[in-house]
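> Let me see the structure of the following:
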Amino acid sequence: MSDAPVPILMYHSVAAAPNDATRALSVAPEAFAEQMALIGDLGLTPVTTADLAARWRSGRPLPVRPVLITFDDGYEGVHRHALPVLAEHGFAATLFVSTGWIRGAYDTGGGLDTMLDWRQVSELASAGVEIGGHSHTHPQLDQLGDGELRTELTRCTRIVADELGARPVSFAYPYGYSSRRVRQAVRATGYAQALAVGNGLARRRQGPYALQRVTVRRDTGVEEFGRLLEGRAVARTFAGDRALTKGYALVRRARQVRRKAIRSRV
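As a prediction, the model looks like this:
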């Protein structure tokens, strides 16, 4: 069975005037349109997260030159700016929502910029965008206790199912952080696959609960975007990110060890 790499693009906000909190990970509407046009020009085939994972799980062949277009959190610009472009090209995509950030009855006020409301999420789903889970309040899941972790996952899943009439089957870890315990909890909640970050291309051998993505930022130029799509110079592009991630991972593991030691003494 082929283990050819697949680029999974991770977007956040698509906005003309993002606030300071989201600026670095936002993409200008004109840049997003240019990037989607390049995907079409290169002959890539966008698929949903669920479709990719199902094909890898069953052994069914992938379409020609697959690519995934994913959005995290649930920013309003995904509906305002991204959806018309996706519809124009007929592209599939996946939106991972933090249910406590979506405007409406469950809003915790934690959203970093103008967020989608549930009517807009429903319209995205009706347009063929897969809606996945991204926790309820967007915490670092691997830093939570078992009860809090379970609540974050089950509440997100239940709200999406109640609002859209379909249980989400794909998940994305907030901040990309996970652990074996978190991955097991995501699977136990009923998700069939989950995406990390990693800033590398996805491969079947990564397993369905640790598929890597590449980050698209406001300063991602069209030439760099083309290299990401073709899997060229990905390691060099994100070398700085990897160094920071490894350093922070050591700090986070030390925090976890301290917390476990404190709990054991209580």
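
> quick one: contacts for Arg45?
One thing to correct before we go on: residue 45 is Thr, not Arg. Thr45 sits next to Pro63, Val64, Arg65, Pro66, Val67 when contact means Cβ atoms under 8 Å, 6 or more residues apart in numbering. Quick note: C-beta positions are derived from backbone N, CA and C, even for glycine.

> What is the burial count for the nearest residue to it once chain neighbours are set aside?
Take Thr45 and drop its neighbours on the chain: the residue closest to it by Cβ to Cβ, 6 or more residues apart in numbering is Pro63, 4.1 Å away. A total of 13 residues lie near Pro63 under the criterion other Cβ atoms under 10 Å.

> For the contacts of Thr45, work out which two are farthest apart.
When Cβ to Cβ is used, the two most widely separated members of these are Val64 and Val67, lying 10.6 Å apart.

> Have a look at the two and say which one is more surrounded.
The neighbour count for Val64 versus Val67, taken as other Cβ under 10 Å, is higher for Val67 (20 against 8).

> which element follows the helix or strand hosting that one toward the C-terminus?
With secondary structure defined by DSSP states H and E, Val67 is part of strand 66-73. Stepping forward along the backbone from strand 66-73, the first helix or strand reached (DSSP H and E) is helix 77.

> And the contacts of the very next helix or strand once past that following helix?
On the C-terminal side of helix 77, the nearest following helix or strand under DSSP H and E is helix 83-89. The contact list for helix 83-89, computed with Cβ under 8 Å, 6+ apart, reads 32-33, 36-37, 39-40, 69, 92-93, 123-124, 127, 129.

> Quick check: strands, which of those residues are part of them?
Mapping the contacts of helix 83-89 onto strands (DSSP state E) picks out Ile69.

> Dump the contacts of helix 83-89 into a markdown table; add pLDDT, neighbour count and distance to Val85 as well.
As requested, the contacts of helix 83-89 are exported to a markdown table (pLDDT from 0 to 100; neighbours: other Cβ atoms under 10 Å; distance: Cβ to Cβ, whole Å):
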| residue | pLDDT | neighbour count | distance to Val85 |
| --- | --- | --- | --- |
| Phe32 | 98 | 22 | 6 |
| Ala33 | 98 | 18 | 5 |
| Met36 | 98 | 19 | 5 |
| Ala37 | 98 | 14 | 9 |
| Ile39 | 98 | 21 | 10 |
| Gly40 | 97 | 14 | 10 |
| Ile69 | 98 | 28 | 10 |
| Ala92 | 98 | 21 | 13 |
| Ala93 | 98 | 25 | 10 |
| Glu123 | 98 | 14 | 15 |
| Leu124 | 98 | 24 | 13 |
| Ala127 | 98 | 13 | 12 |
| Val129 | 98 | 24 | 12 |
